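K.L.:
predicted structure and sequence below. I'll ask about it afterward.
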Amino acid sequence: MNDVIARFTAIVGAEHALTDAADIAPYLVENRGLYHGTTPLVLRPGTVEEVSAILKLASETGTAIVPQGGNTGHVAGQIPREGKGDLVLSLTRLNRIREIDPVGNVIVADAGCILADIQAAADSVNRLFPLSLGSEGSCRIGGNLSSNAGGTAVLAYGNTRQLCLGLEVVLPTGDIWNGLRKLKKDNTGYDLRDLFIGAEGTLGVITGAVLKLFPKPLGHQVAFAGVASVEAALAVFDMAQSLCGGALTGFELMPRLGVEFTTRHIPGVRDPMDTVHPWYTLIDISTSNSAETAERMMLSLLEQAMAAGLVENAVIAANDTQAKALWHMRESMSPAQKPEGGSIKHDVSVPVANVPAFMHEADAAVVAAIPGARICAFGHMGDGNIHYNISQPVGADKQAFLARWHEINTIVHGIVLSYNGSISAEHGIGQLKRDELAEVRSAIEIDLMHRIKHAFDPAGIMNPGKVLKV
């Protein structure tokens, strides 16, 4: 084994091959602390050619490789297995913006580019890269692509899959597939790009991508509205779609409990209203012509929603700083749960029209199972993606509560499936939901996935133990 480690180290140089326990520790823990892995070596290649050499040697030696970007994933797809000798392949040094083409509305970036840096590069040429996540200051675009990340702008722009035109991928053999095409129309055979997006590094290593850019909106308006129920929030969303059409770029749902958690635990966050409401919606409108148009559209929506008795109170951001503050509250709801003790989390989606029914049924089932459970369900109501998170009862034992994770997942996911929903809306499968995937997808679907996996990675070296049972 020492000889193999030496051969891998020689590819990237000793400076970029980490073996010290303190140096490799950050690469081994999933950010929720649910999964801890082990590895004898973290490799940090600086070129695509080095990635190629690593995978070629891995195929030769039968060494398992775990690709990792910013280590912000929520399902442990980026964490090596414990005691299996997996090597971590960190893409963080592949962080170059290769090209920006504002006329063609594309940007070509290395997989290790931080999402916020891609957003800033687009902004520098008066363009918008709309993928937006709470972790955008540390997550990497390769990981976003590998997990088909969603975020807050899916309603208008789609998931990461819809924002990608082409990929560069290193295959398990070390071969490099250059699919960095800027074409919006290309019907030449199977779409290989879509196989790697969402595959969580189990088929190959994404090293570069062609991403879509968009003209920056000239008008942008954000409002925070209090409503009495999830049904009222859904009715406001329906009204917003009719009034705003494609200008509706975000519609988020938040409970009162989530507002209390964020104002209690997140520095700088304050309740924007002086009235208390059971539920809140965050409405985001972007227009291509003027700020006045966006303002008129938002005012008209809120006036009509109030007249219909749907919105009880609302505040409109007066400037960009206030708009960012409202979004910061929404994006802080998950970390704000940590100081409250254990949290059992779900990333699910149901048809938008079924969100209220799902919420009521899940709430009743969860509270019946764990009396006193504090349900902090929030998320992207506009696309039916709810982060159905449950905080432990006040004063409960954290570990005893978390020990019921699988039990509660089974309850919630069963209700999700009864509405023809998904147990993973935007976080992926990884290790966390791998076994459950085999239970909720049909036998033919699982068989096809295994066939694809074997075709691309017959030696089974690419991120083994993730997505599929082996």
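P.N.:
Alright, I've got the coordinates.
K.L.:
confirm Val222 sits in a strand?
P.N.:
Yes: assessed by DSSP: H, G, I helix; E, B strand; the rest coil, Val222 belongs to a strand.
K.L.:
please, which helix or strand holds the closest residue to it other than its chain neighbours?
P.N.:
When the adjacent residues along the chain are set aside, Val222 lies closest to Ala323, with 4.0 Å between them (Cβ to Cβ, 6 or more residues apart in numbering). Backbone N, C-alpha and C define where each C-beta goes, glycine included. Following DSSP states H and E, the helix or strand that holds Ala323 is helix 320-331.
K.L.:
and that helix, what does it pack against?
P.N.:
strand 219-227, strand 248-255, helix 256-265, strand 279-287 (3 or more Cβ pairs under 8 Å, 6 or more residues apart in numbering; DSSP states H and E).
K.L.:
for the first one, which helices and strands make contact with it?
P.N.:
In this structure, strand 219-227 makes packing contacts with helix 230-244, strand 279-287, helix 291-307, strand 311-316, helix 320-331, judged by 3+ Cβ pairs under 8 Å, 6+ apart.
K.L.:
equivalent analysis for the shortest one, please.
P.N.:
Counting by 3+ Cβ pairs under 8 Å, 6+ apart, the packing neighbours recorded for strand 248-255 are helix 154-157, helix 230-244, strand 279-287, helix 320-331, strand 374-380.
K.L.:
can you list the buried residues in the second one?
P.N.:
Residues of helix 230-244 classed as buried by neighbour count (16 or more other Cβ atoms under 10 Å): Val230, Glu231, Ala232, Ala233, Leu234, Ala235, Val236, Phe237, Met239, Ala240, Leu243, Cys244.
K.L.:
quick check: mean pLDDT of it?
P.N.:
Across helix 230-244, the average pLDDT comes to 97.
K.L.:
how far away from the center of its chain is it?
P.N.:
Computed by Cα atoms, centre = their mean, to the nearest Å, the separation of helix 230-244 from the middle of its chain amounts to 25 Å.
K.L.:
now the angle from that helix to helix 291-307?
P.N.:
Angle, helix 230-244 to helix 291-307, by axes from the mean of the first three to the mean of the last three Cα atoms, to 10 degrees: 140 degrees.
K.L.:
so what touches helix 230-244?
P.N.:
Helix 230-244 is contacted from outside by 225, 227, 248, 251, 253, 279, 281, 283, 285, 297, 300-301, 304-305, 308, 310-311, 352-353, 355-356, 359-360, 381-382, using Cβ atoms under 8 Å, 6 or more residues apart in numbering.
K.L.:
quick one, which of those residues are buried?
P.N.:
225, 227, 248, 251, 253, 279, 281, 283, 285, 297, 301, 304-305, 310-311, 352, 355-356, 359, 381-382.
K.L.:
roughly how far does the residue nearest the centre of the chain sit from Ile283?
P.N.:
What sits nearest the mean C-alpha location of the chain, by Cα atoms, centre = their mean, is Ala149, with 3.8 Å. In this structure, Ala149 and Ile283 are 22 Å apart, going by Cβ to Cβ, to the nearest Å.
K.L.:
and Ile114, by the same measure?
P.N.:
Counting by Cβ to Cβ - Ile114 and Ile283 are separated by 28 Å.
K.L.:
picking up where we left off before, out of the helices and strands packed on helix 320-331, which one sits most buried?
P.N.:
Neighbour counts (mean count of other Cβ atoms under 10 Å) averaged over each of the helices and strands packed on helix 320-331 peak at strand 279-287, with a mean of 25.
K.L.:
so how far is it off the chain centroid?
P.N.:
20 Å.
K.L.:
next: stretch 32-45.
P.N.:
Distance, centroid of stretch 32-45 to centroid of chain: 20 Å (Cα atoms, centre = their mean).
K.L.:
contacts for that stretch?
P.N.:
With Cβ under 8 Å, 6+ apart as the criterion, stretch 32-45 contacts 1, 5, 8-9, 11-12, 16-19, 23-24, 27-30, 51, 54, 66, 74, 76, 79-94, 345, 431-432.
K.L.:
buried residues in that stretch?
P.N.:
Neighbour counts over stretch 32-45 (16+ other Cβ under 10 Å) mark Leu34, Tyr35, Gly37, Thr39, Pro40, Leu41, Val42, Leu43, Arg44, Pro45 as buried.
K.L.:
let me know the closest of the residues you listed to Ala364.
P.N.:
Leu34 (26.6 Å; Cβ to Cβ).
K.L.:
for that closest one, give me the pLDDT.
P.N.:
Taking Leu34 on its own, its pLDDT is 85.
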